[in-house]
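# 3D, please:
(chains A and B)
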Amino acid sequence: MPALKRTRRAVGVLGSFIHIDAAVEAIKALRARGHRDVVVYSAAPNHEIEEALDQPVSPVRLFTLIGGLTGCAAGFGMTIWMSFDWPLVVGGKTISSVPPYVVIAFELTILLGALSTVTAMVLFSVLMGKRGIAYDPRYSDDLIGIFVPAKGDQQGAVEQLLRSAGAVEVRHEAA
Amino acid sequence: MAAVAHPRPAGGKPELEINQTHADVTRDVVATLGQPSTGYLMLLAGAVGLFLAGLITFLILVKDGLGHAGYTPPVFWSVYITTFVFWIGIGHAGTLISAILFLFRSPWRTAVYRSTEAMTVFAVMTAALFPIIHIGRQWIFYWLLPYPNQRFLWPNFRSPLLWDVFAISTYFTVSATFLVVGLVPDVAAVRDKVTGWRRTVYGLTSVGWQGTDNQWRHYSRGYLYLAALATPLVLSVHSVVSWDFAASVVPGWHGTIFAPYFVAGAIYSGLGMVMTLLIPLRKALRIEHMITDYHFDNLAKLTLLTGSILFYSYGMEYFISWYSGSPFEQTTFWRRPFGWMWWAGWSMIICNAFVSQLLWFRKVRTNLTALFVISIFINLGMWFERYVIIASSLSNDYIPWAWAVPAVTWADWGILLGSFGWFSMWFLLFARSFPIVAVQEIKEMIPMPRKRGGGHH
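Residues are numbered from 1 along each chain as shown, chains lettered A, B, ... in the order given. Below is the predicted model of the structure:
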């Protein structure tokens, strides 16, 4: 990972799981012990993991709304302003005939709504994501990974917790 | 890295025939991206050849003018606009499968949506060439954009042709975005399986994706909203294309049913193209166990539904022309099956209205050879539908002394074949470079193994 090489590696313990129920049990146990900043890797989204982590709803939806509303306002604003900028009667219609402009406003609502959604996804998922966390290529295949930030003296207890939950591999990450 | 022994899951949903583990899915999809076969290279060479023929035709048109393409009064919209509408229509099935069926939580879309979404993007890329070819003076194409001329006169936003500019460019942008966003986790899965320069390329294109809980949280939400935005968009795009015709007063065009009629036709034609592409592709890429009879049965049911809507629309068109009492309308519709274009008129009716009715039979829906043949008829029929609507109406409008039969010239053929070459070239390149089956979504449907056994929670 080129991005990871540039950053300081996070210190902690990385556990790998085959079984979903084992991983969920580990997440719940870790959270009960006060480990709130665990990172869970999986090849596909999983609602059991989501429930165990109990995270808030993504703020991406706010960007979709703002983008869509901006597009709608820009569509009506642009067409109406351009009509009045050079007032020319076409086909006996009023200078600014709004019904046909709905099409432009609709298309721009969708366009800006989609673009701002993607911008938010990139912002939150890629640019603002945590850096320097240990990763294993098998997490995009068939394993579930749980990284627990923990200093040297805590690592033994975390390892024991992960193993007792059912981790098939546990790795210590030093700085 | 130590290999970890993996138990098989308790069993996938039987109707989807997913009897694979997550590792099997990654392995099979990565295998589709290996060294290209001779057959693939020959197909690609054929596609590039057709594209070059189209490019040469285009250069001759730029040099000499559109007269080569039979642009003579009264028919100034003919093969190029027909092919434009044809390709825009093809794209619609892709968005229907990827976005609308996603919102409806229809599980069978998973295996086929990536290829149909790619088809959408490349079909819209193909369609977008046609307004540029059709305008004749390509160097001033930017007059279509909301940009004032030297007198500061802005474009006329009441014109359906300008609506089209916004609709098509939005459709292309949103479809391409949807495709790329869906690809990111799958490209990351490929990145983690390959080595060397391919790992570098997939590493860059997966933009640092690792599948963390935080990434999935934002991704799933964003994907849902993109699907929600793409759904009304797909219904609007062909409606806007239909208004290019319906907002005029040409006989045979100004029908109020045009928007739903065109949308149903677009999805019908797109489904035809999906089957034309997927039936040979699943064999070539050895993914028959992922794209099964079950998927084709569902595709065929959708084809039957949209084909039946089309059948009804054809009937209504004829009824309304008779009921209108307008001799121009009546003459136009009489000439479609019995005039100079009778061959095109009957091709449209038989291929679209009648052939689709064969899909009532389950035996036909699950016979891939039959489906492939039907899909070719659908492609032909839908091209003829647009040609009939455009050319027959323009050649017989309100001024009988101006009536004339348009000629289809070598320049029409060159550009038409070139468009198929351009589309196929992109699709073939995509199928070998990126996962053609959505790895992440298939994995989402396979229950993960459990320590304590039992089904999915």
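# Please make it C-alpha for all contacts and neighbour counts, starting now.
Noted.
# And the longest helix seen in chain A, what does it pack against?
Using DSSP state H, we find that the single longest helix of chain A is helix A:60-85. In this structure, helix A:60-85 packs against helix A:98-121, helix B:213-246, with contacts taken as 3 or more Cα pairs under 8 Å, 6 or more residues apart in numbering or on different chains; DSSP states H and E.
# Starting from A:Gly113, give me the distance back to the residue most central in space within chain A.
With distances taken as Cα atoms, centre = their mean, the residue of chain A nearest its centroid is A:Ser125 (4.0 Å). For A:Ser125, the distance to A:Gly113 (Cα to Cα, to the nearest Å) stands at 18 Å.
# what stretches of chain B score poorly on pLDDT?
In the predicted model of chain B, residues B:1-18, B:453-457 satisfy pLDDT under 70.
# so how far is chain A from the residue nearest the centre of it?
Compute the mean C-alpha point of chain B, and by Cα atoms, centre = their mean the closest residue is B:Gly91, 2.2 Å away. Here B:Gly91 is placed at a distance of 17 Å from chain A (Cα to the nearest Cα, to the nearest Å).
# Tell me which helix or strand in chain A has the weakest average pLDDT.
Every helix and strand in chain A was compared by mean pLDDT, DSSP states H and E; the lowest is helix A:2-6, with a mean of 45.
# other SSEs contacting the helix or strand just after that helix?
Secondary structure here is assigned by DSSP states H and E; on that basis, the next helix or strand after helix A:2-6 toward the C-terminus is strand A:12-17. If contacts are counted by 3+ Cα pairs under 8 Å, 6+ apart, strand A:12-17 sits against strand A:144-149, helix A:152-165, strand A:169-173.
# and the shortest one, C-alpha only, in CSV?
Right, the one you point to is strand A:169-173. Presented in CSV, the C-alpha positions along strand A:169-173 are these (Å, rounded to 0.1, in the frame of the first residue of the first chain):
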residue,chain,number,x,y,z
GLU,A,169,-4.6,-15.8,13.4
VAL,A,170,-3.4,-13.0,15.6
ARG,A,171,-0.6,-10.5,14.8
HIS,A,172,1.1,-7.9,16.9
GLU,A,173,1.8,-4.6,15.2
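# Can you give me the buried ones in it?
A:Glu169, A:Val170, A:His172, A:Glu173 (16 or more other Cα atoms under 10 Å in any protein chain shown).
# Please enumerate the strands of the stretch 351-457 of chain B.
All residues of the stretch 351-457 of chain B lie outside strands when identified by DSSP state E, counting those that start in this stretch.
# Chain A contacts on that one?
Residues of the stretch 351-457 of chain B lying near chain A by Cα under 8 Å from any Cα of the partner chain: B:Gln440, B:Glu441, B:Lys443, B:Glu444, B:Met448, B:Pro449, B:Arg450, B:Lys451, B:Arg452, B:His457.
# which among the residues you listed end up buried?
For these, a neighbour count by 16+ other Cα under 10 Å gives the buried set as B:Gln440, B:Glu441, B:Lys443, B:Glu444, B:Met448, B:Pro449, B:Arg450.
# close to chain A, is stretch B:22-42?
Yes: when contact is scored as Cα under 8 Å from any Cα, part of stretch B:22-42 falls within range of chain A: B:His22, B:Ala23, B:Thr26.
# Please disregard the earlier target; I meant stretch B:222-234.
Yes: part of stretch B:222-234 sits near chain A under the criterion Cα under 8 Å from any Cα, namely B:Gly222, B:Tyr225, B:Leu226, B:Leu229, B:Ala230, B:Leu233.
# And for stretch B:137-156?
Yes: Stretch B:137-156 reaches chain A (Cα under 8 Å from any Cα) through B:Phe152, B:Leu153, B:Trp154.
# With secondary structure and neighbour count added, can I get these in TSV?
Output for those, formatted as TSV (DSSP: H, G, I helix; E, B strand; the rest coil; neighbours: other Cα atoms under 10 Å in any protein chain shown):
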residue	secondary structure	neighbour count
B:Phe152	coil	11
B:Leu153	coil	16
B:Trp154	coil	21
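# Tabulate these (CSV), appending distance to B:Leu162.
Converted to CSV, those look like this (distance: Cα to Cα, whole Å):
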residue, distance to B:Leu162
B:Phe152, 17
B:Leu153, 15
B:Trp154, 11
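# any idea which of those residues is closest to B:Gly196?
The shortest approach to B:Gly196 among those belongs to B:Trp154, at 53.1 Å (Cα to Cα).
# Give me the phi and psi angles of the closest residue to that closest one other than its chain neighbours.
The shortest distance from B:Trp154 to any residue other than its chain neighbours is 4.5 Å, reached at B:Pro148 (Cα to Cα, 6 or more residues apart in numbering or on different chains). Backbone torsions of B:Pro148, given as degrees, to the nearest 10, read phi -80, psi 150.
# quick revisit: may I see the buried ones among the residues of the stretch 351-457 of chain B next to chain A organised as TSV, with distance to B:Ala353 added?
TSV is the format used below for those (distance: Cα to Cα, whole Å):
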residue	distance to B:Ala353
B:Gln440	38
B:Glu441	35
B:Lys443	38
B:Glu444	38
B:Met448	45
B:Pro449	48
B:Arg450	50
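# Could you list the domains of chain A?
According to automatic domain parsing, chain A comprises the domains A:2-55+A:130-173, A:60-127.
# Would you single out the least confident of these?
Comparing mean pLDDT across those, the lowest value falls on domain A:2-55+A:130-173: a mean of 87.
# Centre of the chain to that domain, how far?
Put simply, domain A:2-55+A:130-173 sits 17 Å off its chain's centre (Cα atoms, centre = their mean, to the nearest Å).
# can you check stretch B:154-168 too?
For stretch B:154-168 - counting by Cα atoms, centre = their mean - the centre lies 22 Å from the chain centre.
# same deal with stretch A:55-72?
Centroid separation between stretch A:55-72 and its chain, computed with Cα atoms, centre = their mean, is 13 Å.
# and if you look at stretch B:334-343?
What separates the centre of stretch B:334-343 from the centre of its chain is 29 Å, taken as Cα atoms, centre = their mean.
# end-to-end on it?
Between the opening and closing residues of stretch B:334-343 we find a distance of 13 Å, counting by Cα to Cα.
# Could I get the buried residue list for it?
Counting neighbours by 16+ other Cα under 10 Å, one finds that the buried residues in stretch B:334-343 are B:Arg335, B:Arg336, B:Pro337, B:Met341, B:Trp342.
# In strands, which of these fall?
Applying DSSP state E to the buried residues of stretch B:334-343, no entry is found in strands.
# any chance of those residues in CSV, plus distance to B:Ile291?
Supplementary listing: those in CSV, determined by distance: Cα to Cα, whole Å:
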residue, distance to B:Ile291
B:Arg335, 43
B:Arg336, 39
B:Pro337, 39
B:Met341, 40
B:Trp342, 39
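# thought A:Pro137 was touching B:Val194?
No: with the criterion set as Cα atoms under 8 Å, A:Pro137 and B:Val194 do not qualify as a contacting pair; they are 10.4 Å apart.
# more neighbours, these two?
The residue with more neighbours, out of A:Pro137 and B:Val194 and counting by other Cα atoms under 10 Å in any protein chain shown, is A:Pro137; that gives 16 against 13.
# Next, format the helices and strands packed on strand A:12-17 as JSON lines and append distance to chain B.
Output for the helices and strands packed on strand A:12-17, formatted as JSON lines (distance: least, Cα to the nearest Cα, whole Å):
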{"stretch": "strand A:144-149", "distance to chain B": "9"}
{"stretch": "helix A:152-165", "distance to chain B": "10"}
{"stretch": "strand A:169-173", "distance to chain B": "9"}
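# ok, back up a step: ok, so of the buried ones among the residues of the stretch 351-457 of chain B next to chain A, who is nearest B:Val187?
Each of these was scored against B:Val187 by Cα to Cα, and B:Gln440 proved nearest at 9.8 Å.
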